[in-house]
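>>> I'll drop the sequence and a predicted model, then ask my questions.
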Amino acid sequence: MLNDCLFCAILGGEIPCSKVYEDDYVLAFRDINPQAPVHVLVVPKEHIACALDIGEENSFFVSKCFEAIAKIAKAEGLENGFRVVNNCGIDGGQSVMHLHFHLIGGEKFAEKII
């Protein structure tokens, strides 16, 4: 974990969050600025800066994030569908440099996202 990483501070218990799910590999919590009725951030407990840094040595944590996403989506009643978004890097809109996935749902989205 890195000292200047917001999500590492949340993972370390230094900053509170509205926890939705936790296991040995993943923490998920409600976004403080939700963009949909359900907006949960799914964060690996291993610090990985962004999708560009996913490799053979840490891809296990990404698979655990997606296993958690399926569990959370079911628990949140998103059986009709949802979106999973990952922003990578400054130009991709990533504001916290710790890999995370936005699970958003609870309403019908347009087919186009750009």
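Nice, thanks for sending it over. Values in this document were obtained by computation on a predicted structure and should not be read as measured data. Numbers count the residues shown, from 1 in each chain.
>>> now the helices: where do they sit in this protein?
Listed in chain order, the helices of the chain (DSSP state H) span residues 6-11, 59-75.
>>> okay, the ones you listed, which one's buried deepest?
When you average the neighbours per residue for each of those (mean count of other Cβ atoms under 10 Å), helix 6-11 leads with a mean of 18. Quick note: C-beta positions are derived from backbone N, CA and C, even for glycine.
>>> Packing partners of that one?
strand 26-30, strand 38-44 (3 or more Cβ pairs under 8 Å, 6 or more residues apart in numbering; DSSP states H and E).
>>> Serialize the ones you listed to a markdown table and add fields for mean pLDDT and distance to Ala68.
Converted to a markdown table, the helices and strands packed on helix 6-11 look like this (pLDDT from 0 to 100; distance: least, Cβ to Cβ, whole Å):
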| stretch | mean pLDDT | distance to Ala68 |
| --- | --- | --- |
| strand 26-30 | 98 | 4 |
| strand 38-44 | 98 | 6 |
